[in-house]
Structure formats: C-alpha cells, structure tokens
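Participant: What shape does this take:
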Amino acid sequence: MFFSDQAGHVFEAYSFIHFLLIAIIIIGIILLYHFQDKIREYKHERLLAKSIALFALFWEFSFYAWKLYNGVRDPLLILPIGLCAYTLYVGIISLFFKNKKLFMIGYFWVWGALASVLFPNISYSYDRFRFYQYTISHMFFFFMYIYMIFVYKWHPTIKDLKKSIMTLSIIALLMIIFSNLFNENLMFMLNSEETPFSMFEGHGYFVYLLGVITLSFIITSFMYFPFWIYYRKIINKLKKDA
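Facilitator: Predicted structure coming up:
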C-alpha cells in the first residue's frame with residue numbers, strides 16, 4: 001500500500017504537514033547560508049557536492065520506478081518532461097561537474113520548485129511513497145541551487161536572465177506542440193490541473209496559454225530581483241569608496 005498510486009490520507013494544502021515542509025525549506029536556506037564558508041573550505045567539498053547531485057539523481061529515478069511499479073507504460077508519462085524535471089537535471093549536472101554556465105540558465109527556473117511546494121499538485125500524504133518522493137525531490141533540487149549560490153558564490157546577471165528566458169521560450173514552444181500533438185498536458189500547456197494557472201481558464205485556450213506563458217516569464221524575471229539588490233549594494237559601495 002505504501003507504494004500504491006491510490007491515495008490514502010489526502011494531502012491538504014496549508015495543513016500542519018504543508019507548513020512543516022515550508023519550514024524545512026526556510027531552515028535549509030538558513031543553514032546553508034550560515035555554514036557556507038565552512039562548506040566551501042571543507043577539503044572534501046567536491047565529494048559532498050557530487051554526493052548531493054547523485055542522491056538527487058537517484059531520487060528522481062525512484063519516481064520512474066514508482067510509475068513502472070504502478071503500471072504506467074506511456075513514455076510521455078514516465079520521461080522527465082516538465083520545468084521541474086529540466087531544472088532538476090540542469091542542477092544535477094551543474095553541481096556534479098561544477099558547471100557555472102548551466103547553473104546560470106537553470107537558476108531562473110527554480111521558482112517551479114517553490115511553486116510545487118507552495119501549491120503542491122498531489123493528493124498523496126504521509127502514508128504514501130509518492131508524497132516523500134515529490135516533496136523531497138522538489139526541496140532537494142531547490143537546495144542544490146542555493147548551495148551553488150552560497151558555496152560557489154555564483155551570482156546570475158541580467159545577461160544570464162535573457163539567456164534563460166530565451167531557452168525557456170524554446171522549451172515552452174516545444175511543449176505546446178507536443179501537448180497538442182499527443183494530447184498530454186506537458187508543463188500545463190493544455191490545462192491548469194487545479195494549479196494557480198486556473199485563473200486563466202474559462203476564456204478560451206489562447207487566453208489561457210498567453211496567461212500561463214506571461215506569468216511564467218514574469219516570475220522567471222522576478223528571480224533576478226535578489227541579485228539586482230545584491231549588485232545595487234556593490235555599486236553603491238563602490239560609489240561611496242570612490
């Protein structure tokens with residue numbers, strides 16, 4: 001029953017368990033920030049980073065195994081197709097190989113992980129494996145990017161934001177084509193599935209699509225805001241020292 005795809009206890013948004021997940025994210029960010037120097041100077045830091053990346057990869061594979069166990073055979077339902085999956089794999093490769101260029105593109109998509117935790121699109125709760133796979137996976141790849149920001153001091157620029165949006169635009173176009181071609185709701189390009197994108201439904205497909213894409217790009221751009229503040233502080237400090 002633990003590995004079943006049939007829900008037992010139903011997950012309730014903003015319940016004690018939900019707030020606990022949000023609290024874990026906040027605590028994780030604080031801990032990474034507090035210990036960033038010690039982690040950076042740790043002699044086995046690269047081994048630690050690679051271990052984190054490999055665990056994230058293993059945990060994602062457990063999702064595919066869970067689907068196969070429950071009889072899912074459709075490749076479109078098994079393959080890692082979706083913003084969270086793309087962000088996860090970019091994060092894994094970036095962390096494992098210490099690839100800064102990839103990180104700079106994937107960082108701006110991390111909002112997908114935050115949205116998945118703040119507005120979880122699952123019915124499974126603590127008595128099902130899928131609950132742990134979903135929550136740990138999304139929180140973990142969020143922590144991977146925070147790790148690279150704090151430990152490696154990788155700070156995206158406006159140029160990186162433009163590259164990220166351009167890449168996401170290409171992905172979105174492909175997902176629209178494949179979603180309509182195979183009648184699969186890839187990256188919510190057909191319907192909201194009761195996510196916050198539901199605000200755009202009821203006015204026709206074009207309006208829905210325009211709303212989803214526009215909101216996604218606005219949130220993606222907003223991910224630059226913390227670094228805009230960071231760069232402003234540096235500029236102001238330089239002006240004062242000049």
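
Participant: Pick out the residue closest to the middle of the chain.
Facilitator: Nearest residue to the geometric centre of the chain (CA atoms, centre = their mean): A113, 3.1 Å.

Participant: check contacts around it.
Facilitator: A113 sits next to C84, T87, H138, M139, F141, F142 when contact means CB atoms under 8 Å, 6 or more residues apart in numbering. No exception for glycine: its C-beta is placed from N, CA and C like everyone else's.

Participant: Tell me the first helix or strand C-terminal of the helix or strand harbouring the fourth one.
Facilitator: Right, the one you point to is M139. When elements are assigned from DSSP states H and E, M139 belongs to helix 129-151. Following helix 129-151 in sequence order, the next helix or strand is helix 158-182 (DSSP H and E).

Participant: Check what contacts that next one and list those residues.
Facilitator: With CB under 8 Å, 6+ apart as the criterion, helix 158-182 contacts 76, 81, 83, 86, 104-109, 156, 184-187, 189-190, 209, 213, 216-217, 220-221, 223-224.

Participant: go with 6 Å
Facilitator: Taking contacts as CB atoms under 6 Å, 6 or more residues apart in numbering, the residues outside helix 158-182 that touch it are L76, M104, I105, F108, L186, M187, M189, L190, Y224.

Participant: Return the distance of it from the chain's centre.
Facilitator: The gap between where helix 158-182 is centred and where its chain is centred comes out at 15 Å by CA atoms, centre = their mean, to the nearest Å.

Participant: What mean pLDDT does whichever helix or strand comes after it get?
Facilitator: Where DSSP H and E defines the elements, the next helix or strand beyond helix 158-182 is helix 205-222. The average pLDDT within helix 205-222 is 93.

Participant: How about stretch 65-72?
Facilitator: The average pLDDT within stretch 65-72 is 93.

Participant: Show me what counts as buried in that stretch.
Facilitator: W66, K67 (16 or more other CB atoms under 10 Å).

Participant: For it, output the C-alpha coordinates as CSV.
Facilitator: Extracted as CSV, the C-alpha positions of stretch 65-72 are listed here (Å, rounded to 0.1, in the frame of the first residue of the first chain):
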residue,chain,number,x,y,z
ALA,A,65,10.4,3.2,-10.8
TRP,A,66,7.3,4.1,-8.9
LYS,A,67,5.4,4.8,-12.1
LEU,A,68,6.5,1.5,-13.7
TYR,A,69,5.6,-0.4,-10.5
ASN,A,70,2.1,1.1,-10.7
GLY,A,71,1.7,0.0,-14.4
VAL,A,72,2.4,3.3,-16.2
